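Asks: Would you be able to build a 3D model of this:
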Amino acid sequence: LAYATSDRGACHQRAWTVLGELDGILPRFKTEGMALKVKMTQDERAAAYSLVVCDFTPYDQDAVYPSLADAAGIDMDPDSYMAAGERIWNHIRLFNIREGGISRKDDTLPPRMLSEPLPMPPRGEDTVTLTKEAFDAMLDEYYELRKWDKNGIPSPEILKKLGLSD
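Replies: Presented below is the predicted three-dimensional model:
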């Protein structure tokens with residue numbers, strides 16, 4: 001889902017959910033909870049990238065808020081930080097819609113990824129398959145969480161909430 005909904009083509013840096021799976025926060029090889037995790041990670045990363053933060057340099061997340069507040073001259077806390085990321089993500093989506101006509105047809109994966117079983121290491125005899133139906137259900141949930149319509153277009157309500165309605 002993260003690859004399919006990335007703002008610049010399939011990209012693990014926009015929402016890398018593997019850590020949540022490896023840490024046991026999300027079930028591995030399942031779709032449950034993935035739409036919310038992808039959305040939240042995309043929003044957080046959008047806010048972080050607006051700071052020009054290097055992915056390879058560890059930093060204290062709590063230090064980000066006052067730094068952003070100082071740089072932008074606005075109050076910043078975890079909630080407003082995530083709201084800024086959500087606003088950025090939606091703004092990018094609007095740009096991609098306007099410039100490239102992006103929609104649900106583009107928020108997908110190669111057919112092979114939605115049809116061929118993949119071995120589940122380390123037990124090579126077990127496999128997992130992400131079906132088109134399961135992927136579509138996950139994408140529907142993602143759009144609902146983002147308050148986008150079934151075609152991946154941000155709703156007037158979310159644009160107004162984020163100050164992007166003009």
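
Asks: hey, let's count contacts and neighbours off CA atoms from now on
Replies: Will do.

Asks: which residues in the protein form strands?
Replies: For the chain, the strands defined by DSSP state E cover 118-120, 123-128.

Asks: Tell me who's in contact with the closest residue to L51 other than its chain neighbours.
Replies: For L51, ignoring the flanking residues on the chain, the nearest one in space by Cα to Cα, 6 or more residues apart in numbering is L68 at 7.3 Å. Each residue near L68 by Cα atoms under 8 Å, 6 or more residues apart in numbering is listed here: L51, I74, M76.

Asks: Let's see the ChimeraX selection covering just the buried ones among the residues you listed.
Replies: In ChimeraX syntax, the buried subset of those is picked out as below (16 or more other Cα atoms under 10 Å):
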select :76
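
Asks: and the strands of the chain, which one's lowest on average pLDDT?
Replies: When these are compared by mean pLDDT, strand 123-128 comes last with a mean of 62.

Asks: for the chain, which helix is longest?
Replies: The longest helix of the chain (DSSP state H) is helix 78-100.

Asks: List the contacts of that one.
Replies: By Cα under 8 Å, 6+ apart, the surrounding residues in contact with helix 78-100 are 7, 40, 42-48, 65, 102-103, 153-154, 159, 162-164.

Asks: Among these, name the buried ones.
Replies: If we count by 16+ other Cα under 10 Å, those have these buried: 7, 40, 42-48, 65, 102-103, 153-154, 159, 162.

Asks: and the residues you listed, which of them are in helices?
Replies: Filtering those for helices - DSSP H - leaves M40, Q42, D43, E44, R45, A46, A47, A48, Y65, L159.

Asks: E116: which of those residues is nearest?
Replies: Q42 (27.1 Å; Cα to Cα).

Asks: could I get the longest helix of the chain in CSV with only the CA atoms?
Replies: Provided in CSV are the C-alpha atoms of helix 78-100 (Å, rounded to 0.1, in the frame of the first residue of the first chain):
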residue,chain,number,x,y,z
PRO,A,78,3.1,16.5,18.0
ASP,A,79,-0.5,17.1,16.8
SER,A,80,0.2,20.2,14.8
TYR,A,81,3.3,18.5,13.4
MET,A,82,1.2,15.6,12.1
ALA,A,83,-1.5,18.0,10.8
ALA,A,84,1.3,19.8,8.9
GLY,A,85,2.3,16.5,7.4
GLU,A,86,-1.3,15.7,6.4
ARG,A,87,-1.6,19.1,4.8
ILE,A,88,1.6,18.6,2.9
TRP,A,89,0.6,15.1,1.7
ASN,A,90,-2.8,16.4,0.5
HIS,A,91,-1.1,19.4,-1.2
ILE,A,92,1.2,17.0,-3.1
ARG,A,93,-1.8,14.9,-4.1
LEU,A,94,-3.6,17.9,-5.5
PHE,A,95,-0.4,18.8,-7.5
ASN,A,96,-0.2,15.3,-8.8
ILE,A,97,-3.9,15.3,-9.8
ARG,A,98,-3.5,18.7,-11.6
GLU,A,99,-0.2,18.0,-13.3
GLY,A,100,-0.5,14.3,-14.0
